[in-house]
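[1] Attaching a predicted model along with its sequence, questions to come.
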Amino acid sequence: MHLPTEGKPLIEIRGLKKVYPVPGGQVVALDGISLSIQKGEIYGIIGMSGAGKSTLIRCMNKLDTPNEGQILIDGQDILTMTGKQLMATRRKVSMIFQQFNLLMQKTVARNVRYPLEIAGVPEKEADERVRELLRLVELESKADAYPIQLSGGQRQRVAIARALASNPEVLLCDEATSALDPMTTQSILALLQDINKRLGITVVLITHEMAVIRQICSRVAILDGGSIAEEGTVDDVFVHTRSAAGKRLFGILPAQEDDMVSDVPALRIVFEGGREGMPIMAGLIKTCGVDVNILSADIKPINGQPYGQMLIESPDDPAVRSQVIQYLTEQGLTVREVEPQ
């Protein structure tokens with residue numbers, strides 16, 4: 001993964017608010033969103049349907065205009081831009097969509113070439129750029145094909161190539177893999193990682209799929225009801241999940257409120273990457289002399305490393321419980337007490 005540049009953010013969103021009028025009132029799609037995205041990172045924005053994700057990303061290149069707030073790209077507020085300045089910024093901030101948005105009457109090569117034609121790039125230079133981009137997305141052999149002849153994954157690769165034609169600094173992805181099957185999704189995510197690493201392009205991913213976030217993002221913001229419920233590194237948000245929205249999305253708590261916690265006092269243990277294979281439970285039994293009743297357990301990959309979580313019944317004796325928590329903490333695990341409900 002391309003390492004993000006620390007310091008001044010490439011993208012800074014401040015107090016963004018978007019309200020849509022509806023019969024009899026209004027809908028607040030975004031309610032005071034503020035976040036920063038560093039140059040060169042893959043940043044994920046996740047939430048359930050209606051959380052405000054697509055509205056946010058459409059505001060980030062002024063396809064939609066918020067009621068309040070600022071969106072600074074390289075220190076310039078895109079919301080105050082018009083005309084040539086806005087067009088130039090949009091070339092720096094490209095976007096790919098869930099449904100590809102290709103020109104069905106044009107060949108693959110002409111689709112990729114289209115933004116170059118609009119920008120007035122000379123024919124010879126445009127031809128070479130198209131060949132270069134089709135090599136990048138591994139579709140050289142499909143240059144003369146039409147979108148109808150391509151699979152969904154191939155169409156998305158064409159859309160990515162077209163988005164890269166203007167040498168953007170930022171690639172906005174609005175549910176770019178949600179229309180694809182799991183295997184094709186993996187290949188598209190791998191391509192985005194390669195583009196990020198090879199070209200240093202900042203990638204912003206909008207998705208409702210936690211597997212996408214876990215696979216390639218360095219940081220994540222969880223949207224819930226138009227507000228940011230949590231924000232931080234993917235590792236930290238998973239290990240130290242605080243919000244109900246985050247817990248549901250990461251699978252820590254089921255969606256049904258009645259099933260969110262154990263019906264007995266319990267300890268939630270998070271095994272950070274690389275520790276899931278260690279015989280920690282065996283060591284706990286031997287060291288503390290306690291019986292361990294495992295209530296649930298699972299393992300999920302985050303940024304290529306396995307992370308596990310386990311819910312065990314908490315000892316009744318406070319002294320024994322304290323000893324168990326101390327032992328697990330000394331092993332480098334995160335432990336939290338879970339009250340019954």
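    That came in fine, so what should we check first?

[2] Could you pull up phi and psi at the residue lying farthest from the centre of the chain?
    Distance from the C-alpha centroid of the chain, by CA atoms, centre = their mean, peaks at G289 (42.7 Å). The phi and psi values for G289, taken as degrees, to the nearest 10, are phi 60, psi 40.

[3] So it versus D317, what's the distance?
    11 Å (CB to CB, to the nearest Å). Backbone N, C-alpha and C define where each C-beta goes, glycine included.

[4] do Y20 as well
    In terms of CB to CB, Y20 sits 56 Å off from D317.

[5] Could you pull out the strands in the protein for me?
    11-22, 25-37, 42-46, 68-73, 76-77, 93-96, 170-174, 202-207, 219-224, 227-233, 266-271, 294-302, 305-313, 334-338 (DSSP state E).

[6] Run the chain-centre distance for the third one.
    Here strand 42-46 shows a centroid-to-chain-centroid distance of 3 Å under the convention CA atoms, centre = their mean, to the nearest Å.

[7] Over to the shortest one?
    Chain-centre distance of strand 76-77: 24 Å, with CA atoms, centre = their mean.

[8] Go ahead and confirm G75 touches I11.
    No - G75 is not in contact with I11 according to CB atoms under 8 Å; the separation is 10.3 Å.

[9] and the two? which has more neighbours close in?
    Legend: neighbour count by other CB atoms under 10 Å for G75 and I11, higher for I11 (23 against 9).

[10] And the more buried one, how far from T241?
    Distance of I11 to T241, given as CB to CB: 25 Å.

[11] same deal with L35?
    18 Å.

[12] Show me which of the two is the more surrounded one.
    Ranked by neighbour count (other CB under 10 Å), L35 and T241 place T241 first, with 23 against 18.

[13] Tell me how many other residues surround the closest residue to the more buried one other than its chain neighbours.
    In this structure, T241 finds its nearest non-sequential neighbour in K247, 5.1 Å apart by CB to CB, 6 or more residues apart in numbering. For K247, the tally of surrounding residues (other CB under 10 Å) stands at 18.

[14] likewise R336?
    Using other CB under 10 Å, R336 has 12 other residues around it.

[15] contacting residues around it?
    R336 sits next to L267, R268 when contact means CB atoms under 8 Å, 6 or more residues apart in numbering.

[16] what angle separates the top helix by length along the chain from strand 170-174?
    Assignment by DSSP state H gives helix 182-199 as the longest helix of the chain. Angle, helix 182-199 to strand 170-174, by axes from the mean of the first three to the mean of the last three CA atoms, to 10 degrees: 170 degrees.

[17] tell me the angle helix 182-199 makes with strand 42-46.
    Using the same axes, to 10 degrees: helix 182-199 against strand 42-46 is 140 degrees.

[18] Name the residues that touch helix 182-199?
    For helix 182-199, with CB under 8 Å, 6+ apart as the criterion, the contacting residues are 1-2, 40, 42, 136-137, 151-153, 156-157, 160, 164, 171, 173, 176-177, 180, 201-203, 205, 212, 215-216.
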